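K.L.:
Test case, fold it:
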Amino acid sequence: MKPVFNLNDIECTAIDTSRYSEKKIKLLVARLDTIHPVVSGNKLFKLYYFVEEALQSTQKTILTFGGAWSNHLVATAYACKVNGLRSIGIVRGEAAEKLSVTLNDCIAYGMQLKFISREQYASKDDEIFLQQLKNEFGDCTIVPEGGYHPTGARGASLIMDMIKMHNADYVCTAIGTATTFAGLMQQQDAAKKIIGIPVLKNMTDIPERVRYLNNRFVDESNLWTDYHFGGYAKYNQALLDFMNELFTNHHLPTDFVYTGKMMYAVIDKIKQDFFDNHSTIICLHTGGLQGNGSFAAGTLVF
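P.N.:
Residues are numbered from 1 along each chain as shown. Here you go, the predicted model:
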């Protein structure tokens, strides 16, 4: 049984690069965020084969992990709902008096939440801890946080099938767990270069992560490590101003955790004359816009 997901052609937003460079550069943003209002961005792809596995299992249950604002948790909750699967979310930290919008959405989609301490959460990949969870909730398909697993990377590789008609010279993506980046590399012949922009500070283990995810070698020149803005979910006024400018000039909404930083990096590299004349660049909009809801009203213009 296949998952109930509609993987249609991805809409692309064209960005006029003439304001940034005199070169003829074609810059497209693959709008993974518009595929579905909930299971959007790269989450749908990373979940694809996990959902397929759960549908073929006896228990038909998925258990996964995330924080209070986890895009991955809410995407998993919805994906399970539409596919008739039970979903369990292991949430980092104690339950707040007022739950985040994201966690309330998870509950609305039928996900059972279990809050654990940050110390316990650090054991989320430990086999003994995972067995304890199976003893508590029953046998299930376990999806690591963010889909960080070879199965998640295999799903992310499907993205390349949907953008290869653009004959990109460069495909650029933000890196969190490196699962999407590793998935793209499985079809790296479809582009001259796959560029990854880590959104975490001092993320030095990406080559090891990619070897685990798909047993491939990473050319570290394809990793742009200077655009994390201080670390995961960190930002400054320059990033917020850039995101507002990007929306005002190009009608492209971004999030401050992933896509905003990635687009900042790509346009900065265009300004630095990094890309060859007549290059075609595709940037992946990996979703996560609901995270902007943590800002005060008026911080962003979209």
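K.L.:
give the contact list for the closest residue to residue 145 other than its chain neighbours.
P.N.:
Spatial nearest neighbour of residue 145, excluding adjacent residues (CB to CB, 6 or more residues apart in numbering): residue 65 at 4.2 Å. (C-beta placed from N, C-alpha, C; glycine too.) Contacts for residue 65 were tallied using CB atoms under 8 Å, 6 or more residues apart in numbering; they are 73, 89-92, 121, 124, 143-145.
K.L.:
with those residues in mind, which one is nearest to residue 237?
P.N.:
residue 92 (28.1 Å; CB to CB).
K.L.:
Is the closest one bridged to anything, and to what?
P.N.:
With DSSP bridges as the criterion, residue 92 is bridged to residue 116.
K.L.:
Centre of the chain to whichever strand or helix holds residue 104, how far?
P.N.:
Here residue 104 sits within helix 101-108, counting by DSSP states H and E. Here helix 101-108 is found 19 Å from its chain centre; the criterion is CA atoms, centre = their mean, to the nearest Å.
K.L.:
which residues are contacting that helix?
P.N.:
Helix 101-108 is contacted by residues 38, 68-71, 73-74, 77-78, 87, 89, 91, 99, 113, 290, 293 when judged by CB under 8 Å, 6+ apart.
K.L.:
returning to that earlier point: turn the contacts of residue 65 into JSON lines, including distance to residue 195 and neighbour count.
P.N.:
Conversion of the contacts of residue 65 to JSON lines gives the following (distance: CB to CB, whole Å; neighbours: other CB atoms under 10 Å):
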{"residue": "73", "distance to residue 195": "28", "neighbour count": "29"}
{"residue": "89", "distance to residue 195": "32", "neighbour count": "24"}
{"residue": "90", "distance to residue 195": "32", "neighbour count": "23"}
{"residue": "91", "distance to residue 195": "33", "neighbour count": "23"}
{"residue": "92", "distance to residue 195": "30", "neighbour count": "18"}
{"residue": "121", "distance to residue 195": "31", "neighbour count": "18"}
{"residue": "124", "distance to residue 195": "29", "neighbour count": "18"}
{"residue": "143", "distance to residue 195": "26", "neighbour count": "26"}
{"residue": "144", "distance to residue 195": "24", "neighbour count": "18"}
{"residue": "145", "distance to residue 195": "24", "neighbour count": "21"}
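K.L.:
Among the residues you listed, which are located in helices?
P.N.:
Counting by DSSP state H, these place 73, 121 in helices.
K.L.:
For residue 256, state which of the contacts of residue 65 is nearest.
P.N.:
residue 73 (18.6 Å).
K.L.:
Tell me where the stretch 151-300 of the chain is predicted with low confidence.
P.N.:
Counting by pLDDT under 70, the ranges of the stretch 151-300 of the chain that qualify are 190.
K.L.:
Buried residues, the helix or strand containing residue 49. List them.
P.N.:
Using DSSP H and E, residue 49 sits within helix 43-55. Using 16 or more other CB atoms under 10 Å as the test for burial, helix 43-55 gives 43-52, 54-55.
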